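Student: no sequence on this one, just coordinates:
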């Protein structure tokens, strides 16, 4: 970080601390049993013996970490997301069991839900059917005599969600977001990231050996390979995937929208002449598609050369393996068990499979999310919930605009353009205005695997039909009961499903400092995504366009570089630092989200708190407790290799370390761990 970018942050911190009363230190009440339930929840999860200026995560979450045991069927458990998800899963279970027991209610979606759930729970039927529903795809692979013939089969596999060789999705055009186009990108690996194939440490080497053994076991079980040739065929599959991994770019290289948008349209055969692209498009029902972009022409060219240079039998085995691999949880129990033993137990550290009812609930939720969501909102998002959420978001957007004038690094013209972008932002709250029609989805009582395939084909048909057509801005990317949120840069919109607008993120009966610290920070986070290192490259209409003054962009990039460097110094596992470039957008959004939500809360004038904490302290504790987390080391390794989010503990530590408002609230001295010299003022 340069001296010029450090100076304003220090000045801001000094301006806050000069002339103001020193806040009292947090004091845990001797008896919390008489406090309101929300205050008890705060204090029972705090470690009052920890100094918040030394390790705020330990202070806010230490009590929770001490008393919480990681569930055996989870590789990670979080105080907020996981606890809400667990409640939701119990509710979904009751809903689906009721639908299975009383299907004839005059509601065809209700009947589909019950039938799909019952079929999933019927493991005897699974074992009886075996892998028969996959035979048609296996026959197509067998019959593809060369790469040209194989191209159409690849399209058929992509249509059911099996991303062999490369991947694709339909989304808005980066310079004309009102048009939906086909975006194509690198894909096709079985392990979480290219690093799992290429790293030379002992842990990854052992995992690769275990992976090959898993391929042998699964292909032998399916009758595709024999005991005599299974090892050799698995070795060649691994060798091919390794060659593919060597071609792939690191994930952080895919974060710049100006570099991953390369329109090729009908010139795709010139980029990769080895593939019959017309046959591929026809195979996935995309013959009508005229508009295509690839994330990197050079990478795609190398993939084509790799396909041409690889023995055709190896490509066929790779495709057979990918088909079995991705459908294994839907196949007879032995396949699902083997899949869990490797991909969950060894890759993520998860000790036990989730109960089958949970797995079936997730499968049905993925297939018919809006049908479940329609029931969910009636029970959990009724009354004034939507209006309350909109007020919170409005407060946060107003605070964002008010804070722009305090940014010494941004000129007036760019500030006004940022305000224009904020003013055009669309907020989606709770659930869609119109529900999805599932009447074309075929479901049978004895065909779990076929039901899952049908659900994927149903979704694919909807998505592929959008390509080369106008963008439908009413669509949601998440079902209403999902505990998550998102910002969409091409639409300049934020969405907050009803599932996340629940305790401990939100509760109208508790002090507003808690709500702004929890769900308010999430809202601020998503808003800031519109102005992070990626989102800032999209204008108010969702077009990739440089709308910044050159000097402001330069100073902005200095500060985003500071954030990347700062987080890159954290090592959640010794010797494995956070990838500051990969996580940069999320880290910027965390810092900006917490700051803007804090300002929004202060603007309310509400000083209500809980005994032992000031309102400001309560805000930051509520924020941190949303990220109290337990995780297996294997999961952390996977997350740091493949996930753009920093591990939960460091989302807390990194955020508060960069907030003068936090330093003031807890009277943290300059140079203390939570107030380091390196300060990266952005939003």
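Tutor: In hand now; what should we look at? For clarity, every value in this text was computed on a predicted model and none was experimentally measured. Numbers count the residues shown, from 1 in each chain.

Student: which parts of the stretch 1-150 of the chain are strands?
Tutor: Ranges of strands in the stretch 1-150 of the chain, per DSSP state E, counting those that start in this stretch, are 76-78.

Student: how about the helices in it?
Tutor: Ranges of helices in the stretch 1-150 of the chain, per DSSP state H, counting those that start in this stretch, are 3-17, 37-45, 56-67, 81-101, 108-121, 123-129, 135-143, 147-159.

Student: check the stretch 201-350 of the chain too.
Tutor: Counting by DSSP H, counting those that start in this stretch, residue ranges of the helices within the stretch 201-350 of the chain are 202-221, 230-247, 268-271, 277-283, 297-309, 312-327, 333-339, 347-348.

Student: okay, those in JSON lines with mean neighbour count next?
Tutor: Placement of C-beta: from N, CA and C, glycine included. Shown next, in JSON lines, are these (neighbours: other C-beta atoms under 10 Å):
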{"stretch": "helix 202-221", "mean neighbour count": "17"}
{"stretch": "helix 230-247", "mean neighbour count": "18"}
{"stretch": "helix 268-271", "mean neighbour count": "16"}
{"stretch": "helix 277-283", "mean neighbour count": "19"}
{"stretch": "helix 297-309", "mean neighbour count": "17"}
{"stretch": "helix 312-327", "mean neighbour count": "20"}
{"stretch": "helix 333-339", "mean neighbour count": "17"}
{"stretch": "helix 347-348", "mean neighbour count": "20"}
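
Student: now do the buried residues in stretch 38-45.
Tutor: With burial defined by 16 or more other C-beta atoms under 10 Å, the residues of stretch 38-45 counted as buried are 38-39, 41-43, 45.

Student: could you dump those residues into TSV with distance to residue 590 and pLDDT added?
Tutor: Shown next, in TSV, are the buried residues of stretch 38-45 (distance: C-beta to C-beta, whole Å; pLDDT from 0 to 100):
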residue	distance to residue 590	pLDDT
38	24	96
39	26	97
41	23	96
42	21	97
43	25	98
45	20	98
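
Student: contacts for stretch 194-214?
Tutor: For stretch 194-214, the external contacting residues (C-beta atoms under 8 Å, 6 or more residues apart in numbering) are 189-191, 231, 234-235, 238, 241-242, 245-246, 248, 250, 338, 341-342, 346-347, 637, 641.

Student: quick one: average confidence on it?
Tutor: Stretch 194-214 carries an average pLDDT of 97.

Student: just give me how far that stretch sits from the chain centre.
Tutor: 24 Å (C-alpha atoms, centre = their mean, to the nearest Å).

Student: next: stretch 455-474.
Tutor: 21 Å.

Student: cool, stretch 268-283 as well?
Tutor: Distance of stretch 268-283 from its chain centroid, counting by C-alpha atoms, centre = their mean, is 31 Å.

Student: for stretch 366-373, same thing?
Tutor: So, by C-alpha atoms, centre = their mean, the centroid of stretch 366-373 is 18 Å from its chain's centroid.

Student: now stretch 514-533
Tutor: 15 Å.

Student: so who does the closest residue to residue 284 other than its chain neighbours touch?
Tutor: Computed as C-beta to C-beta, 6 or more residues apart in numbering, the closest residue to residue 284 that is not its neighbour in sequence is residue 155, at 3.9 Å. Counting by C-beta under 8 Å, 6+ apart, residue 155 makes contact with 279-284, 286.

Student: next one: residue 155 from residue 592, what distance?
Tutor: Note on residue 155: its distance to residue 592, by C-beta to C-beta, to the nearest Å, is 42 Å.

Student: cool, residue 608 as well?
Tutor: Distance, residue 608 to residue 592, by C-beta to C-beta: 25 Å.

Student: so for the two, which sits in the more crowded spot?
Tutor: Taking other C-beta atoms under 10 Å, residue 608 and residue 592 do not tie; residue 592 has more neighbours (26 against 12).

Student: how far away from the center of its chain is the host helix or strand of the more buried one?
Tutor: According to DSSP states H and E, residue 592 maps onto helix 584-604. Computed by C-alpha atoms, centre = their mean, the chain-centroid distance of helix 584-604 equals 19 Å.

Student: what's it packed up against?
Tutor: Counting contacts by 3 or more C-beta pairs under 8 Å, 6 or more residues apart in numbering; DSSP states H and E, helix 584-604 packs against helix 385-404, helix 512-515, helix 521-529, helix 550-567, helix 615-625, helix 648-657.

Student: tell me which residues of the fourth one are tucked away?
Tutor: Meaning helix 550-567. Neighbour-count burial for helix 550-567, counted by 16+ other C-beta under 10 Å, picks out 552-553, 555-556, 558-564, 566-567.

Student: redo those as a markdown table? Include pLDDT and distance to residue 74.
Tutor: Below are the buried residues of helix 550-567 laid out as a markdown table (pLDDT from 0 to 100; distance: C-beta to C-beta, whole Å):
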| residue | pLDDT | distance to residue 74 |
| --- | --- | --- |
| 552 | 94 | 44 |
| 553 | 95 | 42 |
| 555 | 95 | 43 |
| 556 | 94 | 38 |
| 558 | 96 | 40 |
| 559 | 96 | 36 |
| 560 | 96 | 33 |
| 561 | 97 | 35 |
| 562 | 97 | 35 |
| 563 | 97 | 30 |
| 564 | 97 | 30 |
| 566 | 98 | 30 |
| 567 | 98 | 25 |
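
Student: now render the residues you listed as a markdown table, adding distance to residue 223.
Tutor: Shown next, in a markdown table, are these (distance: C-beta to C-beta, whole Å):
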| residue | distance to residue 223 |
| --- | --- |
| 552 | 63 |
| 553 | 59 |
| 555 | 63 |
| 556 | 58 |
| 558 | 60 |
| 559 | 58 |
| 560 | 53 |
| 561 | 54 |
| 562 | 57 |
| 563 | 52 |
| 564 | 50 |
| 566 | 54 |
| 567 | 48 |
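
Student: could you pull up the residues touching the residue nearest to residue 613 when sequence neighbours are not counted?
Tutor: Spatial nearest neighbour of residue 613, excluding adjacent residues (C-beta to C-beta, 6+ apart): residue 26 at 5.4 Å. Contact analysis of residue 26 by C-beta under 8 Å, 6+ apart lists 46, 48, 52, 59, 612-613, 617, 666.

Student: try it again with 7 Å
Tutor: The neighbours of residue 26, taking C-beta atoms under 7 Å, 6 or more residues apart in numbering as the test, are 52, 612-613, 617.

Student: and for residue 247?
Tutor: Contacts of residue 247 by C-beta under 7 Å, 6+ apart are 299, 302-303, 306.
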